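In: Give me a 3D structure for the following:
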Amino acid sequence: MFKKILVANRGEIALRIVRACKEMGIAAVTIHSEVDRFALHVKRASHSHCLSKKPLDAYLNGRRIIECAKLTVWAFDWPSVLRRARRALEEMRMFGVKTTIPYYLEMIKSEEFQKGVFNTGLVEAHPEWLKYSNKSLPQHKAAVIAAAIALNKT
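Out: Numbers count the residues shown, from 1 in each chain. The predicted structure is shown next:
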């Protein structure tokens with residue numbers, strides 16, 4: 001089991017993850033913008049990193065998030081960071097809700113990401129990463145809408 005995770009989200013979702021981590025005895029590290037510095041997910045986290053003064057930049061700037069993740073998933077070299085991050089994501093289990101965990105697993109497997117290249121264009125370049133396999137769940141419709149918004153297809 002892992003001891004610390006990086007919560008690269010905000011609001012209610014981040015708060016729920018932080019709460020679950022505390023219940024499991026796992027340290028939760030959050031990222032935030034200057035605007036969100038007093039948000040509940042920031043206050044309740046084990047510790048937090050302010051990545052930007054701009055509201056959305058903190059959550060969309062891949063390079064800053066990766067640098068923050070290096071502090072969370074520590075290792076001597078980049079391949080070890082990737083292995084540990086992948087193992088942590090594979091160990092994470094959430095039931096009843098769709099998460100971005102499958103997307104992050106695909107991103108970690110990507111040759112581009114393994115070379116240290118990351119930007120938000122990876123979403124547009126790999127729309128198949130946003131596909132969910134269980135279409136019978138009631139949440140599938142919401143996932144389809146979210147994927148369409150992410151790809152600007154609405």
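
In: Pull up the gap between residue 22 and residue 42, please.
Out: Using Cβ to Cβ, to the nearest Å, we find residue 22 at a distance of 14 Å from residue 42. Heads up, the C-betas are built off the backbone N, CA and C, glycines and all.

In: Who has more neighbours out of those two?
Out: A side-by-side neighbour count of residue 22 and residue 42, using other Cβ atoms under 10 Å, places residue 42 first with 22 against 14.

In: Please identify the helix or strand for the more buried one.
Out: Assessed by DSSP states H and E, residue 42 sits inside helix 40-43.

In: And that helix, what's buried?
Out: Neighbour-count burial for helix 40-43 flags 41, 42 (criterion: 16 or more other Cβ atoms under 10 Å).

In: Show me what the following helix or strand past that helix is packed against.
Out: Using DSSP H and E, the helix or strand that follows helix 40-43 in sequence is strand 47-52. Judged by 3 or more Cβ pairs under 8 Å, 6 or more residues apart in numbering; DSSP states H and E, strand 47-52 is in contact with strand 27-33, helix 57-60, helix 62-72.

In: Quick check: which of those is buried the most?
Out: Among the helices and strands packed on strand 47-52, strand 27-33 has the highest mean neighbour count (mean count of other Cβ atoms under 10 Å), at a mean of 22.

In: so what are the domain limits for this protein?
Out: 1-72, 94-154 (automatic domain parsing).

In: Lowest average pLDDT across those domains?
Out: Here these differ in mean pLDDT, and the lowest is domain 94-154 at a mean of 64.

In: Indicate which one of the helices and strands packed on strand 47-52 is closest to residue 50.
Out: The closest of those to residue 50 is strand 27-33. By Cβ to Cβ, the value is 5.7 Å.

In: where's residue 125 relative to residue 106, distance?
Out: Using Cβ to Cβ, residue 125 is found at 11 Å from residue 106.

In: er, residue 83 I mean
Out: Distance of residue 83 to residue 106, computed by Cβ to Cβ: 16 Å.

In: go on, residue 40?
Out: Relative to residue 106, residue 40 is positioned 30 Å away (criterion: Cβ to Cβ).

In: go on, residue 52?
Out: The gap separating residue 52 from residue 106 is 26 Å, by Cβ to Cβ.

In: can I assume residue 17 sits in a helix?
Out: Yes - counting by DSSP: H, G, I helix; E, B strand; the rest coil, residue 17 is part of a helix.

In: can you pull the contacts of it?
Out: Residues near residue 17 by Cβ atoms under 8 Å, 6 or more residues apart in numbering: 5, 7, 9, 28.
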